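*Asks:* what's the 3D shape of this:
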Amino acid sequence: MKRSKLFWALVIVTALYFVVREGAQLAIHAGWLDIGMAASSAEAGNEANAWFGRDLRVVVGAANRLVERRDMYPIDKWMATFDEYNYSPFYALFISQISTRLPFNVHATLHALVSLAAYAALFFTWRRLFPLLGMSQASQVIVGILPLWFLYTAWWGDAILLNIYILLALTVSWLFYFIWKERLWPSALLLILILQVKPQWAFPLALPLVLGRFRFFAKLVALVVGGYLLVAMVTVLWLGTDYGLAQYYAYYRMLAIAPNKIPWHGPGEYIGYDHSIAQIYFYLFGYTDAAWPIVRLIKVLIIAPLAVLAIRLIRRNQETQPGPALEAYFALYFASFVWLDLVWETTLSIVVFVYLMAVLKDRWARWLAAVTFVGYTLADLWQVIGIPLASVVVGEAELLKHGPPLWADPSFRIPLIMMVILTFYGLLIWRLWAESARQTANI
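*Replies:* Reported below is the predicted structural model:
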């Protein structure tokens, strides 16, 4: 497919931006470049530029506490600043094997390079996977939006803070293929690994059930549960029974009480970077304990159409084609994020956007998906320009106290992430519903 000169000009400009910025970030992570930011985590060291690698510092801090056999989950202050460890004890044990052997700047650089490789692998995985699923048009679209890959907000957030969202997006991409092909052991292994870090990303576990592959689903659940318990048991024995059990108890308690510890923003404040349904509701109507049933009802109403469609697929009990199966997989992803009380990103959305641009025929639907997604994609670029400018115009003290103004960072005032989630989820449900009606009419 022939590309225009404008397309190649955009590719060159955005690629240069990507290379220069990524090179600068790697230099900051390595400690070769100091932009004058103070460290925020004493436990992770006194390195400058603490905003870079901030999420990794939290994990390393927990790993250091684990080595010293201190509590990793300080429940009383958890979530007060969003800087507390919220992964499993096993993950802290794994990270401790790296953090105790390498200086933080080396660890951070390796993490950044792995994330960069994973981002490239995510692109090429779907470039190859779409044709295998009979969707050659999508493999053309993924190249056609190459400039957006270089500017993608979810990538830059992960690359700066050194979280693992890109690695998870790559993992669940492979996981879809393994589940679709009913590859039991690889599917179980990847799900066990996912559950050690961010359980909400284990949404593909429900896919075999939705597709009516009950025997495979039962085997997969049994292996995942057994494997998870085995990992927990080995971790407890490694750490010592008393300390290990205490940390797992604190971990599960932390997951249970997290919503009560989140500093919600109400009317007259700002939404911030948590774009969850709960935060949006509390921002509009204020926070009260009595509001939680309403928030959960809203979530249930949003997810209900997917549940109905899943029941229809299960009852029909026939082989699902790759298209509807992939749509159900994507819809499960968005439904899991609708249910969360903290929504910082929607990393896999760039893959969903590629798919939607390849299959949507209605112009209004394509424009709706494109405008919503491009707005989210360019939020990071807007921040790169707007926030430094705002620090000069309104002052750094005002910026820290009240956050960036709308013109400096729209994503701080407008829930762009949830807008993408609900828009894509709605379009997928719309397509699945139309497919279900068509199959019913043919019976």
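*Asks:* list the contacts of residue 285.
*Replies:* Going by Cβ atoms under 8 Å, 6 or more residues apart in numbering, residue 285 touches 267, 291. Just so you know, the C-beta spots here come from the backbone N, C-alpha and C atoms, and that holds for glycine as well.
*Asks:* next, give phi and psi for it.
*Replies:* Main-chain dihedrals, residue 285, degrees, to the nearest 10: phi -120, psi -10.
*Asks:* and the pLDDT for it?
*Replies:* At residue 285, the model reports a pLDDT of 94.
*Asks:* could you give the number of residues near residue 248?
*Replies:* When counting by other Cβ atoms under 10 Å, one arrives at 18 neighbours for residue 248.
*Asks:* give me the number of residues near residue 100?
*Replies:* Look at residue 100: counted by other Cβ under 10 Å, it has 12 neighbours.
*Asks:* number of nearby residues for the residue nearest to it when sequence neighbours are not counted?
*Replies:* Among residues not flanking residue 100 along the chain, residue 67 sits closest, at 6.1 Å (Cβ to Cβ, 6 or more residues apart in numbering). Using other Cβ under 10 Å, residue 67 has 14 other residues around it.
*Asks:* isn't residue 67 right up against residue 96?
*Replies:* Yes: contact criterion Cβ atoms under 8 Å: residue 67 and residue 96 qualify, at 5.3 Å.
*Asks:* okay, now the unreliable bits of the stretch 201-350 of the chain?
*Replies:* Judged by pLDDT under 70, the stretch 201-350 of the chain has its weakly predicted residues at 315-320.
*Asks:* okay, now the domains of the chain?
*Replies:* 1-183, 262-443 (automatic domain parsing).
*Asks:* how far off centre is the first one?
*Replies:* With Cα atoms, centre = their mean, to the nearest Å as the basis, domain 1-183 stands 10 Å off its chain's centre.
*Asks:* list the buried residues of stretch 286-304.
*Replies:* 287, 292, 295, 299, 302, 303 (16 or more other Cβ atoms under 10 Å).
*Asks:* just the ones of these in helices?
*Replies:* Using DSSP state H, 292, 295, 299, 302, 303 are the members of the buried residues of stretch 286-304 that sit in helices.
*Asks:* ok, so of the residues you listed, who is nearest residue 147?
*Replies:* Nearest to residue 147 out of those is residue 302 (Cβ to Cβ; 31.7 Å).
*Asks:* would you agree that closest one is in contact with residue 421?
*Replies:* No: taking Cβ under 8 Å as the definition, residue 302 is not a contact partner of residue 421, at 9.6 Å.
*Asks:* now the common contact residues for the two.
*Replies:* Both residue 302 and residue 421 are contacted by residue 338, under the criterion Cβ under 8 Å, 6+ apart.
*Asks:* now for the stretch of helix or strand residue 383 belongs to, which elements pack on it?
*Replies:* Secondary structure assigned from DSSP states H and E places residue 383 in helix 379-393. Where contact means 3 or more Cβ pairs under 8 Å, 6 or more residues apart in numbering; DSSP states H and E, helix 379-393 is packed against helix 153-161, helix 396-402.
*Asks:* rank those helices by pLDDT, which is bottom?
*Replies:* Minimum mean pLDDT among the helices and strands packed on helix 379-393: helix 396-402, a mean of 78.
*Asks:* just the pLDDT at residue 53, thanks.
*Replies:* For residue 53, the model assigns a pLDDT of 87.
*Asks:* phi, psi of residue 345?
*Replies:* Phi and psi for residue 345, reported as degrees, to the nearest 10, are phi -160, psi 170.
*Asks:* next one: the one 5 residues further on
*Replies:* According to degrees, to the nearest 10, the main-chain angles of residue 350 amount to phi -70, psi -30.
*Asks:* when you give positions from now on, start the count at 37
*Replies:* All right, first residue 37 from here; so that's residue 386.
*Asks:* where in the stretch 87-236 of the chain is pLDDT low?
*Replies:* In the stretch 87-236 of the chain (pLDDT under 70), the answer is 111-118.
*Asks:* try it again with 90
*Replies:* Counting by pLDDT under 90, the stretch 87-236 of the chain contains low-confidence ranges at 87-89, 109-122, 170.
*Asks:* rewinding a little: may I see the buried residues of the helix holding residue 419?
*Replies:* Neighbour counts using 16+ other Cβ under 10 Å place 415, 416, 417, 418, 419, 422, 423, 426, 427 of helix 415-429 among the buried residues.
*Asks:* same list (those) but as TSV, adding distance to residue 279 and pLDDT.
*Replies:* Formatted as TSV, these follow (distance: Cβ to Cβ, whole Å; pLDDT from 0 to 100):
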residue	distance to residue 279	pLDDT
415	42	95
416	40	94
417	46	94
418	46	94
419	41	92
422	46	90
423	42	87
426	46	86
427	44	84
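*Asks:* what about the helices in the stretch 187-336 of the chain?
*Replies:* 189-197, 201-216, 220-231, 243-246, 250-275, 277-297, 313-321, 328-352 (DSSP state H, counting those that start in this stretch).
*Asks:* next: the stretch 37-186 of the chain.
*Replies:* For the stretch 37-186 of the chain, helices defined by DSSP H, counting those that start in this stretch occupy the ranges 41-66, 90-103, 125-135, 140-168, 172-180, 182-187.
*Asks:* most tightly surrounded among those helices?
*Replies:* Scoring the helices of the stretch 37-186 of the chain by mean neighbour count under mean count of other Cβ atoms under 10 Å gives helix 90-103 as the most buried, with a mean of 23.
*Asks:* which secondary structure elements does that helix contact?
*Replies:* By 3+ Cβ pairs under 8 Å, 6+ apart, helix 90-103 packs against helix 125-135, helix 140-168, helix 189-197.
*Asks:* tell me what the longest one is packed against?
*Replies:* By that I understand helix 140-168. Looks like helix 140-168 contacts helix 41-66, helix 90-103, helix 125-135, helix 172-180, helix 189-197, helix 201-216, helix 385-395 (3+ Cβ pairs under 8 Å, 6+ apart).
*Asks:* again, but for the first one
*Replies:* Contacting helix 125-135 under the criterion 3+ Cβ pairs under 8 Å, 6+ apart are the following elements: helix 90-103, helix 140-168, helix 250-275, helix 277-297.
*Asks:* which one, of these, ends up nearest to residue 51?
*Replies:* Residue 51 lies closest, by Cβ to Cβ, to one member of those: helix 140-168, at 12.5 Å.
*Asks:* that closest one vs helix 172-180, what angle?
*Replies:* Angle between the axes of helix 140-168 and helix 172-180 is 140 degrees (criterion: axes from the mean of the first three to the mean of the last three Cα atoms, to 10 degrees).
*Asks:* residues contacting residue 154?
*Replies:* Taking Cβ under 8 Å, 6+ apart as the criterion, residue 154 is in contact with 202, 203, 205, 206.
*Asks:* would you quantify the distance from it to residue 145?
*Replies:* 15 Å (Cβ to Cβ, to the nearest Å).
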